[in-house]
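K.L.:
Sharing a model that was predicted from the sequence below.
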Amino acid sequence: MELSYQQFIDGINSGKIKRAVFSVENYAHYNNCLIEQVTDNISLGKDTVHIDYISVKLTKDSEHFSFLNKFNEKLKLFDMKRKGKFTLKQMWDRIIFISTDYAEND
């Protein structure tokens, strides 16, 4: 099933899409990118706080971003060196999904 850009954004923001691994066509630097929903438990003294956020890892060693509540569509994530920086939407036609994990239906 091929997702439109808006379907993907709606899915990741709503939690329906839990994890997506993808690459950028014809650009080896971005060959194993990950966007996922993450829940962290943070201890505050006797209390524990659950924080949900969207994590973006474009490379293994750098280019990591996190978004609280919803994906920032205006952020230029991809640095294509001589060609400039681009948002996910601007790169959408070059995105190749390797795997997509969806939330289980309750």
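P.N.:
Thanks, I have the structure now.

K.L.:
residue farthest from the centroid of the chain?
P.N.:
Residue farthest from the centre of the chain, counting by Cα atoms, centre = their mean, is residue 46 at 32.1 Å.

K.L.:
check contacts around that one.
P.N.:
By Cβ atoms under 8 Å, 6 or more residues apart in numbering, no residues touch residue 46. Any C-beta I mention is one placed from the backbone N, CA and C, and that applies to glycine too.

K.L.:
Near residue 17, how many other residues are there?
P.N.:
Each residue near residue 17 was counted by other Cβ atoms under 10 Å, and the total is 22.

K.L.:
For the remainder of this discussion, apply numbering that starts at 27.
P.N.:
All right, first residue 27 from here; so that's residue 43.

K.L.:
Roughly how far does it sit from residue 130?
P.N.:
Between residue 43 and residue 130 the distance, using Cβ to Cβ, to the nearest Å, works out to 12 Å.
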